[in-house]
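> Pasting the sequence and the predicted model now:
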Amino acid sequence: MEMANEALKNLLTRRSIRKYAAQPVEEEKIKLILQAAMAAPSARNLQPWEFIVLTKRETLDALVNFSPHVKMLKEAPLAIVVCGKTDEETGSPDWWVIDCSAAVQNALLAAHALGLGAVWLGVHPRRDRQEALENFFQLPANVKPHSMIAIGYPAEQKEPANRFREERVHREAW
């Protein structure tokens, strides 16, 4: 029961963190975040995700202007670009977006459990953002960027947010 309580505490206290300390994220923590992301469920177990890990300051700085909502990359010591394979042969053309979303959520929760802060940066379905990342990283034609995750040691603290709304719960019918 204690492990379940810790898992629920992690879920209920995770917040989007946009300010980071200058401290780099240890490689073992990066690997744990990626392991958690890849533990996500996926349609037909196709696991269409691919991940680009960014730790070089010049790369992170070069991406600051790809969207108006990613300025925190200027401080983040780590970002992960989550991509999905969209072709029939190796990917999941119908479900890659949902599968990658599950992987992002797992990565966010893992980062929080490891004492890190993180925020989900949307890319899909904004075609201009996708094209910018496709060109920047020279992605193969069958790989589409889904999102980015900025990660680092938090330089801000946020109280847990209770977002439960009883009026949004319907039982047996609307």
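Yep, that arrived. The model shown is predicted, which means the values in this text are computed figures rather than measured ones.
> Find out how far the longest helix along the chain is from the centre of the chain, if you would.
If you go by DSSP state H, the chain has its longest helix at helix 96-113. In terms of C-alpha atoms, centre = their mean, to the nearest Å, the centre of helix 96-113 is found 5 Å from the chain centre.
> now whichever helix or strand comes after it against helix 96-113, angle please.
Where DSSP states H and E defines the elements, the next helix or strand beyond helix 96-113 is strand 117-122. Angle between the axes of strand 117-122 and helix 96-113 is 170 degrees (criterion: axes from the mean of the first three to the mean of the last three C-alpha atoms, to 10 degrees).
> Show me which residues of stretch 17-29 are buried.
17-18, 20, 25, 29 (16 or more other C-beta atoms under 10 Å). C-beta here means a position set from N, CA and C on the backbone, and glycine is covered the same way.
> export it as CSV, just CAs?
C-alpha atoms of stretch 17-29 as CSV (Å, rounded to 0.1, in the frame of the first residue of the first chain):
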residue,chain,number,x,y,z
ILE,A,17,7.9,23.6,-14.0
ARG,A,18,9.3,26.3,-16.3
LYS,A,19,12.3,27.6,-14.3
TYR,A,20,15.4,25.6,-13.7
ALA,A,21,18.7,25.7,-11.8
ALA,A,22,21.9,25.6,-13.8
GLN,A,23,22.7,22.1,-12.5
PRO,A,24,22.9,19.4,-15.2
VAL,A,25,20.7,16.3,-15.0
GLU,A,26,22.7,13.2,-14.3
GLU,A,27,22.9,10.6,-17.1
GLU,A,28,21.4,7.9,-14.9
LYS,A,29,18.3,10.1,-14.3
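> Residues touching that stretch, excluding its own?
Under the contact criterion C-beta atoms under 8 Å, 6 or more residues apart in numbering, stretch 17-29 has outside partners 55, 72, 75-78, 114, 116-119, 150-156, 158.
> now that stretch: how far from the chain's centre is it?
Computed by C-alpha atoms, centre = their mean, the chain-centroid distance of stretch 17-29 equals 14 Å.
> same check, this time on stretch 142-150
How far stretch 142-150 lies from its chain's middle: 9 Å, per C-alpha atoms, centre = their mean.
> now do stretch 79-86
Computed by C-alpha atoms, centre = their mean, the separation of stretch 79-86 from the middle of its chain amounts to 9 Å.
> Could you number the chain from 4 rather than 1 from now on?
Will do, 4 is the new start, and the previous item becomes stretch 82-89.
> ok, the residue nearest the centre of the chain - contacts?
Closest residue to the average C-alpha location of the chain: residue 107 at 3.5 Å, with C-alpha atoms, centre = their mean. Shown in contact with residue 107 (C-beta under 8 Å, 6+ apart): 40, 85, 123, 149-150, 152.
> Please, where are all the strands along this structure?
52-57, 81-88, 120-125, 146-155 (DSSP state E).
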